[in-house]
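Novice: got a predicted structure plus its sequence, pasted below:
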Amino acid sequence: MKKLSLLLLAAVFTLSFYSCRETTEEKTEDAVEEIGNDIEEATEESVESVEEATEEVDAAAVEGTEDVDADQE
């Protein structure tokens, strides 16, 4: 009976250790995926900010040339 109890205890310990390792791997994969999503989102926001800044500079340049043209007349 003692051997059976030790064998059962060893089996339970082995299974719990294996399932913890699997959980850690899944958490790591989820974290890596989340980091990738964060990087993608940050890149998209950066591109949008650059596009908005470019539009503002273009608008200011057009306005500046209109002011120069008006001064020359």
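Specialist: Perfect, thanks for sending it.

Novice: in the protein, which spans are helices?
Specialist: Remark: helices assigned in the chain by DSSP state H are 2-72.

Novice: where does it have low pLDDT?
Specialist: Applying pLDDT under 70 to the chain flags residues 19-22, 66-73.

Novice: geometrically speaking, which residue is the centre of it?
Specialist: Nearest residue to the geometric centre of the chain (Cα atoms, centre = their mean): Asp38, 1.7 Å.

Novice: could you pull out the buried residues of stretch 31-42?
Specialist: Within stretch 31-42, not a single residue qualifies as buried, counting by 16 or more other Cβ atoms under 10 Å. Where you see a C-beta, it was placed from the backbone N, CA and C, and this is true even at glycine.

Novice: revised request: answer the last question for stretch 6-22.
Specialist: Neighbour-count burial for stretch 6-22, counted by 16+ other Cβ under 10 Å, picks out no residue.

Novice: ok, back up a step: can you give me the distance of the residue nearest to the centre of the chain to Ser16?
Specialist: In this view, Asp38 and Ser16 are 33 Å apart by Cβ to Cβ, to the nearest Å.
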